[in-house]
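**Student:** predicted model follows, preceded by the sequence.
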2 protein chains.
Amino acid sequence: MGRVTAQVLAAVSSPRRQEILRLVWRDELAAGELSAAMPDVSFGAVSLQLKVLLEAGLVERRVDGQRRLYRARPEALGAVGAALERMWDDALWKLTLAAELAESRRGPRRRARQTSRPTSSRSTR
Amino acid sequence: MGRVTAQVLAAVSSPRRQEILRLVWRDELAAGELSAAMPDVSFGAVSLQLKVLLEAGLVERRVDGQRRLYRARPEALGAVGAALERMWDDALWKLTLAAELAESRRGPRRRARQTSRPTSSRSTR
DNA sequence: TCGGTATTTTAGTTTCATCTAAAGTGGGCC
DNA sequence: GGCCCACTTTAGATGAAACTAAAATACCGA
């Protein structure tokens, strides 16, 4: 099991990054697919959070053509990963997720999407 | 075992609060004794962090005369608590703590201590 | 080489956690 | 009451995290 360091705790403490981890916990997703699943933040913001997670060793990246596929590394999270899974299974958690994300917002409030939605690319690969 | 919520993760993610938790992990300490053990922050700052930990259920408070004794609640942290203990045992952690505390500082930089050091009160109780 | 798509990085903005200093609260003792 | 002591809370300051929009980079196919 991976060692839980202060860096790991810091990376996992952000609701936004928890959301990303949940989305790539079992299956890998392209950065754009992740971004599409989180309509309230820009692609750039997602990419920056992925970088944080990558540097903490909490996700791994695989190149596929022009796409970058991300997948969580649960083994890096050890006991904290199990705690996250329990959190996600918890019904109460689902009810409070939106509120927590809203609370955790620090940057400027969103006005419109940066780019037109990624056109559910199915062609590459 | 206590449930690890997003609030709990947020509370343990701060190096300053990790330091506090470590100090009251086994034995209870008065707020002033805690503050004396952390000479680089004011009494007020310690009190505020204790409040955060208290509200997250990670410490408990006991009144003793004019003193407030704090003790960690490891059971509230479940497996994450064990991860913390491992972190504290790690030699590398000790080397990086100071740096992380420095990095995590957000408020104004310290010039002098707010009050004269608590005079190692041994009389009450 | 060119154009399009996918992603990352940069530059600049906003919000909030953390801090300090000082004021406030409350217990204990004379 | 009046004083001191231990602690908490408030008001204000500061810096870093998280964000957006836009520019830069990377890869592919024609």
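**Tutor:** Good, I have the coordinates.
**Student:** name the helices or strands packed onto the biggest helix by length in chain A?
**Tutor:** Counting residues, the longest helix found in chain A (DSSP state H) is helix A:74-89. On a contact count with 3 or more CB pairs under 8 Å, 6 or more residues apart in numbering or on different chains; DSSP states H and E, helix A:74-89 meets helix A:6-12, helix A:15-23, helix B:6-12, helix B:74-89. All C-beta atoms are positioned from the backbone trio N, CA, C, and that covers glycine.
**Student:** so for the last one, mean pLDDT?
**Tutor:** Throughout helix B:74-89, pLDDT has a mean value of 93.
**Student:** likewise stretch A:5-20?
**Tutor:** Per-residue scores along stretch A:5-20 average to 94.
**Student:** what's the end-to-end length of that stretch?
**Tutor:** Stretch A:5-20 has its terminal residues 20 Å apart, counting by CA to CA, to the nearest Å.
**Student:** give me the buried positions along it.
**Tutor:** The neighbour-count check on stretch A:5-20 (16 or more other CB atoms under 10 Å in any protein chain shown) flags A:5-6, A:8-20 as buried.
**Student:** ditto for stretch A:44-59
**Tutor:** Under the neighbour-count criterion of 16+ other CB under 10 Å, stretch A:44-59 has A:45-46, A:49-50, A:52-54, A:56-59 buried.
**Student:** restrict it to CA atoms and write it as PDB.
**Tutor:** Output of stretch A:44-59 as PDB, limited to C-alpha atoms (Å, rounded to 0.1, in the frame of the first residue of the first chain):
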ATOM      1  CA  GLY A  44      -8.400  24.500 -17.900                       C
ATOM      2  CA  ALA A  45      -9.400  24.200 -14.300                       C
ATOM      3  CA  VAL A  46      -9.800  20.400 -14.600                       C
ATOM      4  CA  SER A  47      -6.500  20.100 -16.300                       C
ATOM      5  CA  LEU A  48      -4.800  22.000 -13.400                       C
ATOM      6  CA  GLN A  49      -6.400  19.800 -10.800                       C
ATOM      7  CA  LEU A  50      -5.300  16.700 -12.800                       C
ATOM      8  CA  LYS A  51      -1.800  18.000 -12.600                       C
ATOM      9  CA  VAL A  52      -2.000  18.300  -8.800                       C
ATOM     10  CA  LEU A  53      -3.300  14.800  -8.500                       C
ATOM     11  CA  LEU A  54      -0.700  13.500 -10.900                       C
ATOM     12  CA  GLU A  55       2.100  15.100  -9.000                       C
ATOM     13  CA  ALA A  56       0.800  13.600  -5.800                       C
ATOM     14  CA  GLY A  57       0.800  10.200  -7.400                       C
ATOM     15  CA  LEU A  58      -2.900   9.800  -7.000                       C
ATOM     16  CA  VAL A  59      -3.700   9.400 -10.700                       C
END
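**Student:** can you list the buried residues of stretch A:44-59 in TSV and add distance to DNA strand C?
**Tutor:** Listed next are those as TSV, based on distance: CB to the nearest atom of the strand, whole Å:
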residue	distance to DNA strand C
A:45	8
A:46	7
A:49	9
A:50	5
A:52	10
A:53	11
A:54	8
A:56	14
A:57	15
A:58	14
A:59	10
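**Student:** cross-reference the residues you listed with the strands and report the matches.
**Tutor:** residue A:59 (DSSP state E).
**Student:** can you list the buried residues in stretch A:19-33?
**Tutor:** Residues of stretch A:19-33 classed as buried: A:19-25, A:28-33 (neighbour count, 16+ other CB under 10 Å).
**Student:** residue of chain A closest to DNA strand C, please.
**Tutor:** residue A:32 (2.2 Å; CB to the nearest atom of the strand).
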